[in-house]
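Asker: the following comprises the amino acid sequence and a computationally predicted model.
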Amino acid sequence: MLQLHDVSAGYGPTPVLHGISLEVGPGELVALLGRNGVGKTTLLRTITGEIPASRGEVRLAEKPITKMKPHERARAGIAYVPQGRQIFSDLSVLDNLRVAGYAAQKPGWQSIVDEMLEQFPILAEKRTLTGGSLSGGQQQILALARALVTAPDLLLLDEPSEGIQPSIVQQIAHEIKDINQRRNITVVIVEQNLEFAASVADTAYVMDKGRIAQKLKTDHLLSDVSLQHELLGV
Ligand SMILES: Nc1ncnc2c1ncn2[C@@H]1O[C@H](COP(=O)(O)OP(=O)(O)OP(=O)(O)O)[C@@H](O)[C@H]1O
């Protein structure tokens, strides 16, 4: 589904990613872990096309997308929920969903908006309220639903557990797994919270200084404190 081959990227002349190669199969759910500043967000933004790759190739469903603009990649099936979610605070919950559907222009998006309101009763209940009035957890649900309105094949999530009350974190984990399993959407999730990452993903790529350092099972990492210290600095 997603293949990166020897991808380098950065900000202007500052390189951040150095020859990243990875492969995520159709329907897989993988985590991207690593210390602060190793380049996890930069990697997601290189996949969405916000940051151009200076070297290497990105493929989606076997097709090269390296030269595509972000809106073309979105149409090709990539949805991205950035860190902090960036929902439209002044728009209603319903309009947040409609704007995403209208922009993506995937056939039948209006009915997916209705489906989202059915699947997430909290969004139906709050549909006339502004996005900014929702709690962190509710905003994350809205951000997930907004991404789904674009009918993606690949969903990229940057720190979905951040700023969410512990009581709601498990619900978010459940929704992400549900999206992956029931809708068969491939998911890549960046997380600082290892327990959360392990509760949703079996496999993780660990990054270090702009490179993939290891691919391993999240359970293995969760049970090995010295490995966590070595790879994540925790
Ligand atoms: N817009 C930007 N302009 C210049 N440098 C940036 C920019 N965004 C990030 N960087 C730098 O790129 C490097 C990688 O940052 P990135 O946000 O990708 O790391 P990360 O692993 O996602 O970290 P975190 O967990 O803290 O979000 C860091 O050194 C950071 O300072």
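Answerer: Received it, and whenever you're ready, just let me know what you need.
Asker: relative to the whole chain's centre, how far out is the longest helix seen in the chain?
Answerer: Taking DSSP state H as the criterion, the chain has its longest helix at helix 166-182. Distance, stretch centre to chain centre, for helix 166-182: 13 Å (C-alpha atoms, centre = their mean, to the nearest Å).
Asker: and that helix, what does it pack against?
Answerer: Counting contacts by 3 or more C-beta pairs under 8 Å, 6 or more residues apart in numbering; DSSP states H and E, helix 166-182 is packed against strand 29-33, helix 136-148, strand 186-190, helix 194-200. For the C-beta atoms, the positions are set from N, CA and C on the backbone; glycine is no exception.
Asker: got the angle for that helix vs helix 136-148?
Answerer: 20 degrees (axes from the mean of the first three to the mean of the last three C-alpha atoms, to 10 degrees).
Asker: how about residues contacting helix 166-182?
Answerer: Helix 166-182 is contacted from outside by 27, 29, 135-137, 140-141, 144, 148, 155, 157, 160-161, 164, 185-187, 189, 193, 196, 199-200, using C-beta atoms under 8 Å, 6 or more residues apart in numbering.
Asker: how about a cut-off of 6 Å?
Answerer: Helix 166-182 is contacted from outside by 29, 137, 140, 144, 160-161, 185, 187, 199-200, using C-beta atoms under 6 Å, 6 or more residues apart in numbering.
Asker: kindly report the same for stretch 142-154.
Answerer: By C-beta under 6 Å, 6+ apart, stretch 142-154 touches 2, 77-79, 81, 85, 87, 93, 96-97, 100-101, 104, 106, 109, 112-113, 116, 120, 123, 155, 175, 186.
Asker: just the CA atoms of the helix or strand of the chain with the lowest mean pLDDT, as PDB, please.
Answerer: Least confident helix or strand, the chain: helix 225-232 with a mean of 89, by mean pLDDT, DSSP states H and E. Taking C-alpha atoms only, helix 225-232 is exported to PDB below (Å, rounded to 0.1, in the frame of the first residue of the first chain):
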ATOM      1  CA  VAL A 225      12.500  -1.400  29.600                       C
ATOM      2  CA  SER A 226      16.200  -1.200  28.700                       C
ATOM      3  CA  LEU A 227      15.200  -1.400  25.000                       C
ATOM      4  CA  GLN A 228      12.800   1.500  25.600                       C
ATOM      5  CA  HIS A 229      15.600   3.400  27.200                       C
ATOM      6  CA  GLU A 230      17.900   2.700  24.200                       C
ATOM      7  CA  LEU A 231      15.400   3.400  21.400                       C
ATOM      8  CA  LEU A 232      13.000   6.000  22.900                       C
END
